[in-house]
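In: Make a model of this:
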Amino acid sequence: MRFGRWRKLIEVSEKREKHRNSLSGTSPPSPSLEGLILASPARVPPSPSRFSMSPKIDRIGSVHLNMNDAARATQNFSPSQKLGEGGFGTVYKARLQDGQIVAIKLAKKAHYEALRSEFESEVELLATINHRNLVKLLGFVDKGDDCLIITEYVANGTLREHLDGRRGDHLDFNQRLEVSIDVAHGLTYLHLYAEKQIIHRDVKSSNILLTERMRAKLTDFGFARLGNLNSDDKHASAKVKGTMGYLDPEYMKNHHLTPKVDVYSFGVLLLEILTGRRPLEPKRPATEMVTVRWAFTKYSEGSIKEMVDPLMNEVVDTSVLEKMFDLAFQCVAPTGADRPDMNLVVEHLWGIRSDYIRSRTKD
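Out: Numbering: from 1, shown residues only. Okay, here's the model as predicted:
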């Protein structure tokens, strides 16, 4: 893999994206849509149209670095610049010579060869996607044992950090709902509107980054695979990839990869957003260790308010909560055939948003 090959791929992808936009009448969203997410839904700009693409922040492939440049930009890959760990390697905050802030993902040196397929997969897929709720590729290095992926920097940490309260104030319901819609938009794009269908395979709260304006972006495409948009056939995958707690049980059993794998993970994510609990809670009593099972039991008992994250510190209409939990359980249905497609999930979430706004205006 070299820059020449991917630059050509990127240029073709951009031309096709412009052509699709001209046909559909879509255009990059106005910055005015991205106001701060405040407590009152009447003042919250909704997540943009399902067809909205990313703002043109920088041309894909525009950042060219070698390892020496990357070392300088990250203070020699200092722990103080570390942002997190991904499937491919460690992610660092980097300041380039022109002052631009980017994120650099460095392969784990002891596992270069084992990780090479993940590196190539992530670069290839990131080079072809362009959506405001997906982290944008800016460049990469693939030379000898040096493997770097350079992406846009998303300043406000991960969703999991916010749910844990490690980023200041806890998220209110409005913010949680908007994050859910943003992620659903990103997955809908991958499944239905990308150049080729893409299945992410690692949807989880630590792979969702939040901007300073609290918009969500899905990241870490190391486990992503191409699907088949024009066929209902299931795709066999030699190795099941993903994170325990978010993994689709049907996929783990039969190794058949379909977009419904992401739908299941999104359902787990919705429960995580609503309850604040991680998918697996080993320190809790046996009946509460698996959040999906615990939540379903509580839901069946009608104990909906007991399920809500106590740190949310907001009273939300019970009917709104019920619809949100119901959607989550539809997504985690035991079989993929019983789960909604992501575009229908988006429609449901839009309806829940409308119900939430109406409930608040009555107060």
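
In: So Val268 versus Pro285, what's the distance?
Out: 20 Å (C-beta to C-beta, to the nearest Å). Quick note: C-beta positions are derived from backbone N, CA and C, even for glycine.

In: Name the residue in these two with the higher neighbour count.
Out: Higher neighbour count among Val268 and Pro285: Val268, with 26 against 8, using other C-beta atoms under 10 Å.

In: Verify the assumption that Glu272 is located in a strand.
Out: No: with DSSP: H, G, I helix; E, B strand; the rest coil as the criterion, Glu272 is assigned helix and is not in a strand.

In: Surely it and Thr291 touch.
Out: Yes: using C-beta atoms under 8 Å, Glu272 is in contact with Thr291, at 7.0 Å.

In: joint contacts of these two?
Out: Residues within reach of Glu272 and of Thr291 at once, by C-beta atoms under 8 Å, 6 or more residues apart in numbering, are Arg278, Pro279.

In: Show me which of these two is the more surrounded one.
Out: Ranked by neighbour count (other C-beta under 10 Å), Glu272 and Thr291 place Glu272 first, with 25 against 21.

In: who are the neighbours in contact with that one?
Out: Leu163, Ser205, Arg278, Pro279, Thr291.

In: Closest to Leu311 out of those residues?
Out: Leu163 (8.1 Å; C-beta to C-beta).

In: Give me the distance between that closest one and Leu192.
Out: 28 Å.

In: Between those two, tell me which one has more neighbours.
Out: Leu163 (23 against 14).

In: Could you report the separation of the more buried one from Val203?
Out: 15 Å.

In: List the beta-bridge partners for the nearest residue to Asn156 once chain neighbours are set aside.
Out: Setting aside the residues directly before and after it, Asn156 is nearest to Leu210 in space (C-beta to C-beta, 6 or more residues apart in numbering), at 4.2 Å. Following DSSP bridges, Leu210 is listed with bridge partners Ala216.

In: mind checking pLDDT for Leu210?
Out: Here the pLDDT value assigned to Leu210 is 96.

In: That one: neighbouring residues, count only.
Out: 23.

In: And for Asp169?
Out: Using other C-beta under 10 Å, Asp169 is surrounded by 10 other residues.

In: Could you grab the helix/strand/coil label for it?
Out: Quick answer, by three-state DSSP: Asp169 is coil.

In: could you pull out the strands for the stretch 51-200 of the chain?
Out: 82-85, 89-95, 101-107, 137-143, 146-152, 198-199 (DSSP state E, counting those that start in this stretch).

In: Tell me which of those strands lies nearest to His64.
Out: It's strand 137-143; of the strands of the stretch 51-200 of the chain, that one is closest to His64 (C-beta to C-beta) at 6.0 Å.

In: What helices and strands are in contact with that closest one?
Out: Contacting strand 137-143 under the criterion 3 or more C-beta pairs under 8 Å, 6 or more residues apart in numbering; DSSP states H and E are the following elements: helix 67-73, helix 112-126, strand 146-152.

In: at 7 Å instead, please
Out: helix 112-126, strand 146-152 (3 or more C-beta pairs under 7 Å, 6 or more residues apart in numbering; DSSP states H and E).

In: Need the winner for burial among these.
Out: Most buried of the helices and strands packed on strand 137-143, by mean neighbour count (mean count of other C-beta atoms under 10 Å): strand 146-152, with a mean of 23.

In: I'd like to know how many residues surround Val63.
Out: Neighbours of Val63 using other C-beta under 10 Å come to 22.

In: Not counting sequence-adjacent ones, nearest residue to it?
Out: Val63 sits nearest to Gly139 (C-beta to C-beta, 6+ apart), 3.7 Å away.
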